[in-house]
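Engineer: predicted model and sequence below, questions to follow.
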Amino acid sequence: MNRAVTLDDWMMAGIALAAGLVAAFLARALLRWLAKHAERTAWTGDDVIVDALRTVVPWAAIAAGAAAAAAVLPLTHTVDGNVHRTLKVLLIFVVTLTAARVVSGLVRSVIQARSGVAGSASIFVNITRVLVLAIGFLVMLQTLGISIAPLLTALGVGGLAVALALQDTLANLFAGIHILAAKTVQPGDYIQLSSGEEGYVVDINWRQTTVRQLSNNRVVIPNGQLASTNMTNFSRPEQRLTVLVQVGVSYDSDLEYVEEVTKEVVAETMAAVTGALPEHEPAVRFHTFGDSSINFTVILGVGEFSDQFRIKHEFVKRLHRRFRAENIEIPFPMRTVTVQPGQVSIPQQRNQEAKNAAVAGLD
């Protein structure tokens, strides 16, 4: 210390520190006001940025006040250097946490905007968060005067051993990155695996993919298995799809009239049921002379996979009601059985008679 600390020094240091606290309070109040306005916008990125600034700006104001207070006091060169270094490390720590939150939040908002769903592909979010935290940690070490070159060398050598020990984990990690980069699967897609699992993709993280079934159960699938299996994605290249309903009418029916009535019911269903496509052109295709009916397929348009069950339900009810009103018969399966003259017996009775005759012949 070059000279004794006077009362004026303490007063000036207190004023500087108080100014930093007041600036932090005002900045937080201003950012709270900005956050309310950011919630009204359609883009979620501004919410992430404002929320992060509500943390870093007040701490930066406090650190600035503390630095000003330290500059006012007649500290020795060593103490002054330690104070500034401590404040700098604290500020780097806060900025690192804030940057990690901002970057991961922006990545999440971009993924949600592209996929159009509320789910998240947390594998990218986690990777970006870890990278930002790692960079901030290295900067902190460099600020404290610790050389990071030996640390990087040790990490490089140790990384080989870790890679060998975590082969399955790394395989799932890179499989997840490949799946998302190739855009074969995105959160919100409805998929079906060759092994039978199916449902909506909820999340793809560094190890596994979570799928929500229509029964609301969760199925966890390792990314490596998802990347190597045969899979049907009902949401790609678009969510809209067509579903088929099989119908049969009597051989006595007027097929032209059946087609006309069925198309009217299809158009009515498409216009009235939620999830149907009103612009879908009704399509009826006769294809088979069945045992008791002439069979045809009705093609319906649906907005996305789960809508098909509600649309099929309404269409079958409406078509059945309309066929009954138009006296169009949906026949039951029928068989014609011809009985030859003579004794009629059931198969079990004939088998027993044969056994009795064989026993009588032996006697």
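Structural biologist: Perfect, I can see it now.

Engineer: next, name the residue at the spatial heart of the protein.
Structural biologist: Residue closest to the mean C-alpha point of the chain, counted by Cα atoms, centre = their mean, is residue 187 at 2.6 Å.

Engineer: wouldn't that residue be in contact with residue 201 here?
Structural biologist: Yes - counting by Cβ atoms under 8 Å, residue 187 touches residue 201, with 5.3 Å between them. (C-beta placed from N, C-alpha, C; glycine too.)

Engineer: how far does stretch 232-249 stretch from start to finish?
Structural biologist: End-to-end span of stretch 232-249 (Cα to Cα, to the nearest Å): 33 Å.

Engineer: now do the buried residues in that stretch.
Structural biologist: Using 16 or more other Cβ atoms under 10 Å as the test for burial, stretch 232-249 gives 234, 235, 239, 241, 243, 245, 247, 248, 249.

Engineer: find me the pLDDT at the third one, would you?
Structural biologist: Per-residue confidence (pLDDT) for residue 239: 84.

Engineer: got the buried residues of stretch 232-249 as a markdown table, with distance to residue 36 and secondary structure columns?
Structural biologist: Shown next, in a markdown table, are these (distance: Cβ to Cβ, whole Å; DSSP: H, G, I helix; E, B strand; the rest coil):
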| residue | distance to residue 36 | secondary structure |
| --- | --- | --- |
| 234 | 40 | coil |
| 235 | 35 | coil |
| 239 | 34 | coil |
| 241 | 41 | strand |
| 243 | 45 | strand |
| 245 | 51 | strand |
| 247 | 56 | strand |
| 248 | 62 | strand |
| 249 | 62 | strand |
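
Engineer: the residues you listed: which two are farthest apart?
Structural biologist: Longest distance between any two of the buried residues of stretch 232-249 is 34.5 Å, between 235 and 249; criterion Cβ to Cβ.

Engineer: secondary structure element for residue 299?
Structural biologist: Element membership for residue 299, per DSSP states H and E: strand 294-302.

Engineer: likewise for residue 11?
Structural biologist: Going by DSSP H and E, residue 11 is part of helix 7-38.

Engineer: could you give me the average pLDDT of that helix?
Structural biologist: Throughout helix 7-38, pLDDT has a mean value of 77.

Engineer: quick one: secondary structure of residue 237?
Structural biologist: coil (DSSP: H, G, I helix; E, B strand; the rest coil).

Engineer: what about it, distance to residue 90?
Structural biologist: 50 Å (Cβ to Cβ, to the nearest Å).

Engineer: next one: residue 219
Structural biologist: Noted for residue 219: a distance of 45 Å to residue 90, by Cβ to Cβ.

Engineer: and residue 259, by the same measure?
Structural biologist: Taking Cβ to Cβ, one finds residue 259 at 78 Å from residue 90.

Engineer: could you do residue 280 as well?
Structural biologist: From residue 280 across to residue 90, the span is 62 Å (Cβ to Cβ).

Engineer: what's the answer for residue 244, then?
Structural biologist: As judged by Cβ to Cβ, residue 244 and residue 90 stand 65 Å apart.

Engineer: then residue 262?
Structural biologist: Distance from residue 262 to residue 90, by Cβ to Cβ: 74 Å.

Engineer: those two: who's more crowded?
Structural biologist: Comparing residue 262 with residue 90 by other Cβ atoms under 10 Å, the one with more neighbours is residue 262, at 23 against 15.

Engineer: so the more buried one touches residue 248, yeah?
Structural biologist: No - at 11.9 Å, residue 262 and residue 248 do not qualify as touching, with contact defined as Cβ under 8 Å.

Engineer: follow-up on the earlier one: against which helices or strands is the helix holding residue 11 packed?
Structural biologist: Secondary-structure packing of helix 7-38 (3 or more Cβ pairs under 8 Å, 6 or more residues apart in numbering; DSSP states H and E): helix 45-72.

Engineer: tell me what the next helix-or-strand element following the helix it packs on is packed against?
Structural biologist: Using DSSP H and E, the next helix or strand after helix 45-72 towards the C-terminus is helix 77-115. Contacts defined by 3+ Cβ pairs under 8 Å, 6+ apart place helix 77-115 against helix 45-72, helix 122-143.
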